[in-house]
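1. mind looking at a prediction? Sequence and model below.
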Amino acid sequence: MAYLDHAATTPMLPQALDAYVRTARALGNASSLHGSGRAARRTVEEARERIAEALGAKPGEVIFTGSGTEADNLAVKGIHWHRRSEGRGRVITTAIEHHAVADAVAWLGDHERADVTELPVDKLGRVDTGVLAELLDERGAEITVLTCMWANNEVGTLQPIAEIAELAAAHGIPVHTDAIQAVGHVPVDFAASGAAALALSGHKLGGPTGTGALLLRRDVKAVPLLHGGGQEREIRSGTLDVPGIAALAEAVTHAVRTQQTESQRLALLRDDLVDRIRETIPEAIYNGDPESRLPGNAHFSFPGCEGDALLMLLDAAGVECATGSACSAGIAQPSHVLLAMGAEADDARSSLRFTLGWPTTRAEIDALVAALPEAVKRAKTAGLS
Amino acid sequence: MSGGVDSAVAAARAVEAGHDVTGVHLALSKNPQTYRTGARGCCTIEDSRDARRAADVIGIPFYVWDMAERFHEDVVEDFYAEYAAGRTPNPCLRCNEKIKFAAVLDRALALGFDAVVTGHYARKGEDGLLRRAVDPGKDQSYVLAVLTPAQLTGSLFPLGDTPKDQVRVEAETRGLAVAKKPDSHDICFIADGDTSGFLKNKLGTKEGEIVDAASGEVLGSHDGSHQFTIGQRHGLGLKRPAADGKPRYVLSITPVDNRVEVGPREALRVDRIRTGKPVWLAAERTAPFEAEIQLRAHGEVYPATVTPDDGGLTAKLHKPAFGVAAGQALVVYEPSPEGDAVLASGTIDSTQAYASAGVGDGAPAEATGA
């Protein structure tokens, strides 16, 4: 079987799984004052320090959450709520955010009377910083928070976060970045980026599902989403998931430490995949930025084919990938990312995302390349319904 | 796989018969929540989940196919148009004709499958003919009779030889959670079962008269002729009872004048029915022949002489039918101990009574839909 959907989820790294199981056997609530509690707290704090160290943050800036989605929601809503005031209630987002950000922003617009401005992207999926600069000059005083992902989850395009943060900083506007696809896959330095907040997720980098973290600069305040024991800087309540946090730290540390060599390995495999797909399916359109993109991401449109049909045929042939489009109750919508990049609706429905991860081997690429031509042929016969 | 018990058992049986089976649930609404219902309907998110769980238990891959656009164009819009034209459509039949055994089958064949398996209660004989199911109460050959021979070739109905209660028992034995799920009723895209409200919503309201067909007397008013169907008795809202004290029925609907005519049951009598161009599932016939005809799903069967010509079928009924609506299908069966076989079907265009019972001037009364 070929699993080429690591951007959806990637297996836990062996050392992360070991850390999880080892810690899960230990007793203790990290908020308890006795010995068991102190031991659990020590595990959490060491994890916090290791994650901070790996990502260019201070330990006090790491807020553990239950998912990447939660981290994104906490940053976008929390910072907006804290900073909004008379005359200031505008959220700046981009046209290509993941739903964890896009829907949180839309909710603020629909239910909290926030004004929302969406930054456009170019054909490669890159945010237009020229538009941003003008917007900041015109409406800087109205803006509560600016959110822009570090790397796009569908087409893999990397965003100029440092440039965006610098532009925003000149107007005193905090920038949140959804770096869920980026951490462990490209170099990420929180302090150097200039971002005020950064979301990451455990299961995208070899840690457990159900773990995530928000890096939140110490001078940035956020109103909590969850109220309770006040465990994480009074911003995030809930008993700390000690084994999850230990495993997350293990995964982040390992992924960041090996990032450079692993990225090179994946980029080579990915480039090979791209070359061979272009060779066998000459009409395939390679989407996203060919240079500045995630090393394990390849994203294609296959004109005349429905992404769903391709996915099913490849699945039947033992090759797992994603259509890369959001899906509600199984009804595929044309990808908002591709539409924002100017793709035709039909091409946007004709796309497949192949994402590589730490266990990916050349044999899996071979399996895809072997199965794809027949799948494309059949899907094309079926056409676009 | 609708999420109901029938398609789940049909899928399990297809697997057991040695086929390489993939479960497909059709998404028929762009916004499934809007079709959400209690016991009604069959296309909610919950149904999709039930179908997925059944596929898990059977051990087959499962996908949702988005047919929302096609369904809207070919079934829902057709439904509106037919009512607007004063006819009474059968959307389930249209869905079989245009979606399940057309769009879905075509796509399946293109993707490399050989056939579409459904949980319909009908049999396909060795001779390739479509026959009634063993369970007369569940027989669905009527709503499948619109299929062309090619469509029929590409379909499998594993439940035709089993009574429904046995299918439920089998589902239970197979560990399918949908074993006790109630049957779906009514029209799947009308969530609350309020067809009249659904039509009003789309086609609007327009004040019109309800007229006594015999006397021409205005008996009442309505807010849109598209809300009526031939033979309808309830919901006319007539203030005064008829002189003879008997109930009155809708006899004809004229959308152009937004006029609804009512009269006694006798006036609904139909002895001759004319259809549009038929679909032949058996060898096409050119000479008149004796057969049995059915005029609605699970409806009564009438012996008749059927005469084919270039434009359609004419059926002379040997016993009268009452309240036959244009737009419904006339299905021609050949009685057989192995299950009555479908010979042909056609959409009803017009009906006639030999002796007009109390309508107009006594000339043959003709009710025309279009």
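-> The structure has been received and is ready for your questions.
2. and the nearest residue in space to residue A:315 that is not next to it in sequence, what does it touch?
-> Distances taken as C-beta to C-beta, 6 or more residues apart in numbering or on different chains place residue B:61 nearest to residue A:315, at 6.6 Å, with adjacent residues excluded. Every residue, glycine included, has its C-beta placed from N, CA and C. Residue B:61 makes contacts with A:312, A:315-316, B:22-23, B:55, as judged by C-beta atoms under 8 Å, 6 or more residues apart in numbering or on different chains.
3. and residue B:138, by the same measure?
-> Counted by C-beta under 8 Å, 6+ apart, residue B:138 has contacts B:121, B:163-164.
4. what about chain A: which of those residues touch it?
-> Of the residues in the contacts of residue B:138, proximity to chain A by C-beta under 8 Å from any C-beta of the partner chain holds for none.
5. ok, those residues vs chain A, which is closest?
-> residue B:121 (26.6 Å; C-beta to the nearest C-beta).
6. residue B:181 versus that closest one, what's the distance?
-> 16 Å (C-beta to C-beta, to the nearest Å).
7. compare these two (neighbour count), which wins?
-> Between residue B:121 and residue B:181, counting by other C-beta atoms under 10 Å in any protein chain shown, residue B:121 is the more crowded of the two (27 against 18).
8. per-residue pLDDT, the more buried one?
-> pLDDT recorded at residue B:121 is 97.
9. helices of the stretch 251-385 of chain A, start to end?
-> All helices of the stretch 251-385 of chain A, identified by DSSP state H, counting those that start in this stretch, fall at A:259-280, A:307-316, A:336-340, A:345-348, A:362-382.
10. returning to what we had before: tabulate the contacts of residue B:138 (JSON lines), appending secondary structure.
-> JSON lines is the format used below for the contacts of residue B:138 (DSSP: H, G, I helix; E, B strand; the rest coil):
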{"residue": "B:121", "secondary structure": "coil"}
{"residue": "B:163", "secondary structure": "coil"}
{"residue": "B:164", "secondary structure": "helix"}
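11. mind listing what's buried along stretch A:375-385?
-> Of the residues in stretch A:375-385, A:375-376, A:378-382, A:385 count as buried by neighbour count, 16 or more other C-beta atoms under 10 Å in any protein chain shown.
12. strands along the stretch 251-370 of chain B, start to end?
-> B:259-263, B:269-275, B:279-280, B:289-294, B:301-308, B:313-322, B:329-334, B:341-352, B:366-368 (DSSP state E, counting those that start in this stretch).
13. closest to chain A out of those strands?
-> Here strand B:279-280 is closest among the strands of the stretch 251-370 of chain B (C-beta to the nearest C-beta), at 23.2 Å.
14. which bits of the stretch 101-250 of chain B sit near chain A?
-> Neighbours of chain A within the stretch 101-250 of chain B, by C-beta under 8 Å from any C-beta: B:103, B:106-107, B:110-112.
15. buried subset of the residues you listed?
-> Using 16+ other C-beta under 10 Å as the threshold, B:103, B:106-107, B:110-112 are the buried ones among those.
16. and the residues you listed, which two are the farthest apart?
-> Greatest spatial distance in those: B:103 and B:112, 16.5 Å, computed using C-beta to C-beta.
17. got the phi/psi numbers for the residue nearest the centre of chain A?
-> Taking C-alpha atoms, centre = their mean as the criterion, residue A:180 is the residue nearest the geometric centre of chain A, at 2.8 Å. Reported as degrees, to the nearest 10, the phi and psi values for residue A:180 are phi -60, psi -40.
18. close enough to count as contact, it and residue A:200?
-> Yes: with contact defined as C-beta atoms under 8 Å, residue A:180 reaches residue A:200; the gap is 5.9 Å.
19. could you chop chain A up by domain?
-> Per automatic domain parsing, the structural domains of chain A span A:14-257, A:259-382.
20. give me the distance between the two termini of stretch A:128-148.
-> Distance between the two ends of stretch A:128-148: 11 Å, counting by C-alpha to C-alpha, to the nearest Å.
21. could you list the low-pLDDT ranges of the stretch 251-385 of chain A?
-> A:324-332, A:385 (pLDDT under 70).
22. what about the helices in the stretch 101-250 of chain B?
-> With DSSP H, counting those that start in this stretch as the criterion, the stretch 101-250 of chain B has helices at B:104-111, B:141-144, B:149-153, B:164-173, B:195-203.
23. ranges for the strands of chain A?
-> Here chain A has its strands, by DSSP state E, at A:2-3, A:62-65, A:90-94, A:115-119, A:143-147, A:175-178, A:197-201, A:212-216, A:285-286, A:297-301, A:319-320, A:327-328, A:331-332, A:351-355.
24. how much distance is there from the first one to the middle of the chain?
-> It refers to strand A:2-3. Averaging C-alpha positions (C-alpha atoms, centre = their mean, to the nearest Å) puts strand A:2-3 21 Å from its chain's average.
25. hmm, that strand touching chain B?
-> No: figure legend: strand A:2-3 not in contact with chain B (C-beta under 8 Å from any C-beta); closest approach 15.7 Å.
26. domains in chain B, by residue range?
-> Per the record, chain B has its domains at B:5-180, B:204-263, B:268-368, by automatic domain parsing.
27. which of the helices of the stretch 101-250 of chain B comes out lowest on mean pLDDT?
-> helix B:195-203 (a mean of 88).
28. burial of residue B:217, as a residue count?
-> Using other C-beta under 10 Å: residue B:217 sits among 11 other residues.
29. where's the closest residue to it other than its chain neighbours relative to residue B:234, distance?
-> For residue B:217, ignoring the flanking residues on the chain, the nearest one in space by C-beta to C-beta, 6+ apart is residue B:211 at 6.9 Å. Residue B:211 is 18 Å from residue B:234, where distance means C-beta to C-beta.
30. show me the contacts for residue A:253.
-> Contact partners of residue A:253, counting by C-beta under 8 Å, 6+ apart, are A:50-51, A:54.
31. tell me who's in contact with the residue lying closest to residue A:60 once chain neighbours are set aside.
-> Distances taken as C-beta to C-beta, 6+ apart place residue A:218 nearest to residue A:60, at 5.8 Å, with adjacent residues excluded. Contact analysis of residue A:218 by C-beta under 8 Å, 6+ apart lists A:58, A:60-61.
32. is it true that residue A:266 touches residue A:295?
-> Yes: counting by C-beta under 8 Å, residue A:266 does reach residue A:295; the two are 4.4 Å apart.
33. tell me the SS of residue B:64?
-> Here residue B:64 is recorded as strand under three-state DSSP.
34. and it, what are its bridge partners?
-> Beta-bridge partners recorded for residue B:64 (DSSP bridges): residue B:25.
35. how many neighbours does it have?
-> 21.
36. does it really touch residue B:27, like I thought?
-> Yes: in this structure, residue B:64 is within contact of residue B:27 by C-beta under 8 Å, at 5.2 Å.
37. and the residue of chain B nearest chain A?
-> Counting by C-beta to the nearest C-beta, chain B gets nearest chain A through residue B:64, at 2.7 Å.
38. confidence score at that residue?
-> 91.
39. what of the one 3 residues further on?
-> According to the predicted model, the pLDDT of residue B:67 comes to 90.
40. all strands of the stretch 51-200 of chain B, in order?
-> B:62-66, B:116-117, B:122-124, B:130-132, B:155-156.
41. could you dump those strands to TSV with distance to residue A:33?
-> Formatted as TSV, the strands of the stretch 51-200 of chain B follow (distance: least, C-beta to C-beta, whole Å):
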stretch	distance to residue A:33
strand B:62-66	51
strand B:116-117	64
strand B:122-124	72
strand B:130-132	77
strand B:155-156	68
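42. most tightly packed of the ones you listed?
-> Comparing the strands of the stretch 51-200 of chain B by mean neighbour count (mean count of other C-beta atoms under 10 Å in any protein chain shown), strand B:130-132 ranks first with a mean of 25.
43. any low-confidence regions in chain B?
-> Within chain B, the stretches falling below the threshold (pLDDT under 70) are B:31-43, B:355-370.
44. quick test: name the residue nearest the centre of it.
-> Centroid check for chain B by C-alpha atoms, centre = their mean gives residue B:90 as the closest residue, at 3.8 Å.
45. surely it meets residue B:297?
-> Yes: in this structure residue B:90 lies within contact range of residue B:297 using C-beta under 8 Å: 6.8 Å.
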